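**Q** prediction below, plus the sequence it came from.
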Amino acid sequence: MTAITAIILAFLAISNVISTASAYDDYADDDYNRAPSDPVKVAERMAKDYTAALDTLVGLIQQPITLPSSPSHKDDSVETMLLEGKTAFETALRVFPDESLPHAHLLFAKVCTKVGAYQESLPLFDEAIRRASMPLENGTTNMGGGASSPSSSADARAQAEASSLVQQLVLERSRSHFLLLENEVSKWDDVNIQLHRGGIAPGTSPLMPLVSVEKQLEIFPKHSQALHNKASFLVLSLDGAPPENANGTNSTVASTRSWEAYDTFRKSQVTGYEAYTYGKNQHLAGGKSCINRANNKDYAGLVVGGSAWSNAPGASSTPFSYNNKTKTTVGDENDDDLYIGIITLQNIVISGRDAVISGHGSDCHVYVPHPYVNLANNLPMVTSWETDAMMMAGQEGLLLPLLTYVPEGNNNAYGGKITKDPVNGNDDLMIPDPKLSAQRGRFHSALLLTGYASYNYFHFVTETLPSLVATRKYVRSVLEKGDANHVVIIPNLQYEFVEGFVRLLLPEAFSEDDDEGNNGENKLSPQMVQWGPNKRRNNSDEGDEHVKFDSSHPIAHVRRLVAVAWDQPFRAPPPVGGPPHCLTPAPLLRAMRRAVWNAVNALRGVDETINRKLKVVYCSRSTSPTRSLMEEEELLLRIKDEIREEGLHAEVILFEKKTDENGKSRFPLEFIMDTIRLFQSADVVVGVHGASLANIAFANVGTTIVEMGLEGLSQASHYRHLSQALDLHHVDVFLAKDARSLGAAGVTLREGELESVVEAVVGGLKIRKGGEIGNHSEL
């Protein structure tokens with residue numbers, strides 16, 4: 001007999017079901033040798049058949065099942081389970097048609113939730129809640145329709161149990177409703193992926209899924225992931241037309257909405273941090289109750305930005321060698337100096353794809369570079385937002401077990417495994433202590449050279465590369481030591497640009513000899529640990545596979561961690577302004593540019609032909625799923641025609657990635673060096689806002705950058721910041737307003753702005769040719 005069956009039998013026993021056995025005649029048959037005059041036996045049989053149907057439902061709840069990767073996909077096993085559940089549910093109602101018993105509705109609602117039939121689960125939960133609330137409304141514990149018993153301590157306990165059941169049902173319904181809304185967002189994503197490879201289709205906008213996310217936050221207002229999703233959709237919608245009820249000019253409305261998105265990102269981190277500290281109290285990943293903390297609502301442990309890192313308890317820091325001084329932008333004397341330094345932290349955990357740093361054991365500090373890091377997808381935490389939501393709804397008395405949050409449905413996140421609550425069927429993710437795990441997840445020391453979105457080309461070039469350059473001496477000392485306990489953590493080499501840049505700046509990280517001393521395939525040193533998911537893993541025991549953390553949610557413990565950290569400027573550069581997004585200080589960017597130029601020269605020699613012929617580099621997005629310029633062909637023709645008419649004799653080069661027949665770079669190092677040389681020699685770079693423009697980080701002083709960008713999006717100001725930090729001449733030409741903003745599959749220029757691009761290109765060439773801005777190489 002299952003636990004739930006025992007509960008139901010006890011419930012039936014106290015419910016005086018004998019007096020309400022309306023289905024008596026159906027069960028008074030000869031097969032069971034029961035006389036029509038024996039209502040007790042009839043009731044016993046009804047209870048037996050009823051609990052048998054409930055047992056079937058419980059078994060379905062506990063049965064393992066893998067849901068389809070997308071709500072748009074169908075799965076036969078899911079349909080079978082739903083049909084079996086419906087049959088058991090209908091049997092339970094037929095054999096015991098009492099209008100006050102909630103259990104069949106509750107259990108079938110759970111089955112529906114389990115298989116993703118969230119819409120079907122909601123009316124079932126509603127009916128279960130109605131039935132379970134009846135004794136509370138009537139002031140009696142009698143759910144079977146019989147006479148109520150006198151008030152007693154037993155009756156009070158039963159009332160409390162009924163109240164607890166109602167609260168549990170309300171929570172279960174809230175979870176199912178939340179998942180239904182999540183499915184709506186996923187379906188919107190699926191349509192865009194299927195039709196436009198991820199770009200947002202015409203006729204839709206991020207405001208559509210934003211409606212669903214807002215409804216999710218009505219259910220769980222402090223859900224960290226939902227808050228992050230809201231902020232992301234807000235950003236995606238910023239360059240569309242302002243809301244009809246908005247007051248002010250387009251620019252002031254856009255700025256206000258940008259700050260709203262920024263503050264929502266911050267709120268997501270705060271609520272995520274709270275859920276993380278609750279998880280600490282439940283010993284996730286070796287966590288313990290936080291020391292020196294009055295309660296979990298003290299957010300002093302959320303450490304944001306380089307100067308805050310340097311002042312954290314137990315941290316030591318070495319300021320960057322330019323004497324710890326820089327300005328937000330070149331020539332801007334109104335901004336405070338920004339901190340840049342190399343930070344050392346003790347006894348920490350690194351977790352998640354973005355390699356978020358947190359304290360081990362009772363140390364509850366979490367270190368993030370800025371508010372855009374999604375803690376819900378990078379830190380072990382529990383669903384504390386559920387308890388908060390119940391308390392806000394006036395359900396303070398319910399003591400709910402806080403479940404471990406399962407990020408992105410990854411049942412093995414952070415080296416854990418899923419267990420199940422045998423009664424409620426809830427999934428719970430058990431996350432072990434990485435300090436006590438196998439040697440693979442423990443290091444005496446580590447230099448962290450991966451972080452927020454390091455798998456993205458822009459973030460790698462402008463954040464990871466400067467960090468690598470700033471710490472190359474340290475990296476080389478680790479490689480020389482050759483000790484597997486002392487490592488350097490880098491993004492996964494499945495991103496070929498990572499391999500190319502590491503080969504360029506740290507050729508000693510690769511060995512050309514195998515273990516027997518024979519010349520063989522290049523292998524990454526075991527001291528270079530790759531971090532993050534790997535889609536092309538070969539499952540070989542050779543090479544560097546044994547040091548790869550290729551989960552989408554890896555975790556490791558480090559006794560001593562070294563990382564480069566800095567402060568962000570408070571505002572993005574003009575003309576858009578507003579909140580900043582991932583703006584690396586100028587001294588780091590300049591040092592990185594010098595380093596890559598010198599590395600290429602060391603391998604290929606100084607290129608004497610650089611800047612002898614005028615050169616325009618056009619960054620095409622024609623093969624990208626987002627922001628492909630619809631007028632690209634016309635624009636290129638106009639640029640070439642105008643150059644010819646002006647007699648400038650400039651070469652127009654279409655920048656694109658060179659790949660083999662499988663879409664892979666044949667030689668990552670060669671392609672990276674070609675790219676650096678191309679942009680170093682460019683006089684003008686033109687492109688729609690996108691990752692290829694990150695290569696302007698290798699451009700010479702005075703190069704003209706023509707960015708076809710988004711006027712209303714402060715968080716898209718990072719290429720303008722690059723130009724200002726590296727003394728480039730930046731020209732903004734804004735795209736037409738589009739409700740899809742950054743996510744648009746295709747974009748167009750505003751009326752008349754195609755000519756503005758052409759004029760900016762020709763003007764940049766004339767400036768370079770005339771020497772008004774000299775070719776100041778930093779070599």
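**A** Nice, thanks for sending it over.

**Q** alpha carbons only for contacts and neighbour counts from here, please
**A** Noted.

**Q** separation between Val617 and Ala760?
**A** 13 Å (CA to CA, to the nearest Å).

**Q** wait, Pro585 sits on Leu338?
**A** Yes: proximity of Pro585 to Leu338 meets the contact threshold set by CA atoms under 8 Å, at 7.5 Å.

**Q** which stretches in the stretch 451-600 of the chain count as strands?
**A** Residue ranges of the strands in the stretch 451-600 of the chain, as given by DSSP state E, counting those that start in this stretch, are 486-491, 510-513, 519-524, 528-531, 555-566.

**Q** and the longest one with strand 486-491, angle?
**A** Which is strand 555-566. Between strand 555-566 and strand 486-491, the angle comes out at 80 degrees (axes from the mean of the first three to the mean of the last three CA atoms, to 10 degrees).

**Q** show me what strand 555-566 is packed against.
**A** In terms of contacts (3 or more CA pairs under 8 Å, 6 or more residues apart in numbering; DSSP states H and E), strand 555-566 is packed against helix 306-310, strand 340-351, strand 442-448, helix 465-470.

**Q** can you say which of these is nearest to Asp55?
**A** Proximity of the helices and strands packed on strand 555-566 to Asp55 was assessed by CA to CA; the nearest stretch is strand 340-351, lying at 40.1 Å.

**Q** need the next SSE after that closest one, C-terminal direction.
**A** Counting by DSSP states H and E, the element after strand 340-351 in chain order, helix or strand, is strand 356-359.

**Q** name the surrounding residues that touch whichever helix or strand comes after that following strand.
**A** Tracing the chain C-terminally past strand 356-359 and defining elements by DSSP H and E, one meets strand 366-368 next. Contacts of strand 366-368 with the rest of the structure, by CA atoms under 8 Å, 6 or more residues apart in numbering, involve 273, 301-305, 309, 356-359.

**Q** again, only using 6 Å
**A** Judged by CA atoms under 6 Å, 6 or more residues apart in numbering, the contacts made with strand 366-368 from elsewhere in the structure are 302-304, 357-358.

**Q** for those residues, which one is nearest Thr91?
**A** Thr91 has its nearest neighbour among the contacts of strand 366-368 in Ser358, at 51.7 Å by CA to CA.

**Q** find the nearest non-adjacent residue to the closest one, please.
**A** In space, and not counting its chain neighbours, Ser358 is closest to Val366: 4.3 Å by CA to CA, 6 or more residues apart in numbering.

**Q** beta partners for that neighbour?
**A** With DSSP bridges as the criterion, the beta-bridge partners of Val366 are Leu302, Ser358.

**Q** tell me the predicted confidence for it.
**A** Here, the pLDDT recorded for Val366 equals 97.

**Q** that older thread, top of the contacts of strand 366-368 by number of neighbours, please.
**A** Counting neighbours by other CA atoms under 10 Å, Ile357 leads the contacts of strand 366-368 with 27 neighbours.

**Q** state the distance from it to Glu408.
**A** As for Ile357, its distance to Glu408 is 20 Å (criterion: CA to CA).

**Q** same deal with Ala453?
**A** Using CA to CA, which is the criterion applied here, Ala453 is 16 Å from Glu408.

**Q** higher neighbour count, those two?
**A** Set side by side, Ala453 and Glu408 show more neighbours around Ala453, with 17 against 12, by other CA under 10 Å.

**Q** the more buried one and Asn492, how far apart?
**A** When distances are taken as CA to CA, Ala453 and Asn492 turn out to be 12 Å apart.

**Q** same deal with Leu448?
**A** Taken as CA to CA, the span from Leu448 to Asn492 is 13 Å.

**Q** about what we covered before: mean pLDDT lowest where, among the strands of the stretch 451-600 of the chain?
**A** By mean pLDDT, the lowest-scoring of the strands of the stretch 451-600 of the chain turns out to be strand 519-524, with a mean of 66.

**Q** ok, and which of the strands of the stretch 451-600 of the chain has the densest surroundings?
**A** Of all the strands of the stretch 451-600 of the chain, strand 528-531 carries the top mean neighbour count, a mean of 26, counting by mean count of other CA atoms under 10 Å.

**Q** what packs against that one?
**A** Packing contacts for strand 528-531, counted by 3 or more CA pairs under 6 Å, 6 or more residues apart in numbering; DSSP states H and E, involve strand 486-491.

**Q** the strand it packs on vs strand 442-448, what angle?
**A** The directions of strand 486-491 and strand 442-448 differ by 50 degrees, with the same axes, to 10 degrees as the criterion.

**Q** residues in contact with strand 486-491?
**A** Under the criterion CA under 6 Å, 6+ apart, residues 444-450, 527-531 lie in contact with strand 486-491.

**Q** report how many residues lie close to Gly605.
**A** Applying other CA under 10 Å, I find that Gly605 has 10 neighbouring residues.

**Q** the one 3 residues further on too?
**A** By the measure other CA under 10 Å, the count of residues near Glu608 is 7.

**Q** so it versus Thr704, what's the distance?
**A** When CA to CA is applied, the distance between Glu608 and Thr704 equals 21 Å.

**Q** ok, back up a step: so for Thr277, which of the strands of the stretch 451-600 of the chain sits nearest?
**A** The nearest among these, by CA to CA, is strand 555-566 at 17.1 Å.

**Q** adjacent strands (with direction) for the closest one?
**A** Each strand that pairs with strand 555-566, with its direction, by DSSP bridges: strand 340-351 (antiparallel), strand 442-448 (parallel).

**Q** could you dump these to CSV with distance to Asp190 and mean pLDDT?
**A** Formatted as CSV, the strands paired with strand 555-566 follow (distance: least, CA to CA, whole Å; pLDDT from 0 to 100):
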stretch, distance to Asp190, mean pLDDT
strand 340-351, 28, 96
strand 442-448, 35, 95
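
**Q** now render those as TSV, adding distance to Tyr50 and mean neighbour count.
**A** Conversion of those to TSV gives the following (distance: least, CA to CA, whole Å; neighbours: other CA atoms under 10 Å):
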stretch	distance to Tyr50	mean neighbour count
strand 340-351	47	23
strand 442-448	53	21
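
**Q** dump these to CSV, plus distance to Arg94.
**A** As requested, these are exported to CSV (distance: least, CA to CA, whole Å):
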stretch, distance to Arg94
strand 340-351, 51
strand 442-448, 58
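
**Q** quick one: mean pLDDT over stretch 57-68.
**A** For stretch 57-68, the mean pLDDT works out to 83.

**Q** before we move on, what about stretch 200-218?
**A** For stretch 200-218, the per-residue pLDDT values average out at 90.

**Q** with just CA atoms, put that stretch into PDB.
**A** C-alpha atoms of stretch 200-218 as PDB (Å, rounded to 0.1, in the frame of the first residue of the first chain):
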ATOM      1  CA  ILE A 200      12.300  37.500 -34.600                       C
ATOM      2  CA  ALA A 201       9.800  37.100 -37.400                       C
ATOM      3  CA  PRO A 202       8.000  40.100 -39.000                       C
ATOM      4  CA  GLY A 203       4.700  40.900 -37.500                       C
ATOM      5  CA  THR A 204       5.700  40.000 -34.000                       C
ATOM      6  CA  SER A 205       7.900  41.600 -31.300                       C
ATOM      7  CA  PRO A 206       9.400  40.900 -27.900                       C
ATOM      8  CA  LEU A 207       6.400  42.600 -26.300                       C
ATOM      9  CA  MET A 208       4.400  39.500 -27.000                       C
ATOM     10  CA  PRO A 209       6.400  37.100 -24.800                       C
ATOM     11  CA  LEU A 210       6.900  39.900 -22.400                       C
ATOM     12  CA  VAL A 211       3.100  39.800 -21.600                       C
ATOM     13  CA  SER A 212       3.500  36.100 -20.600                       C
ATOM     14  CA  VAL A 213       6.500  36.900 -18.400                       C
ATOM     15  CA  GLU A 214       4.600  39.700 -16.700                       C
ATOM     16  CA  LYS A 215       1.900  37.200 -15.900                       C
ATOM     17  CA  GLN A 216       4.500  34.800 -14.500                       C
ATOM     18  CA  LEU A 217       5.700  37.600 -12.200                       C
ATOM     19  CA  GLU A 218       2.100  38.100 -11.000                       C
END
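
**Q** okay, now the unreliable bits of the stretch 351-500 of the chain?
**A** Of all residues in the stretch 351-500 of the chain, those with pLDDT under 70 make up the ranges 390-401, 420-427, 438-440.

**Q** no more questions from me, cheers.
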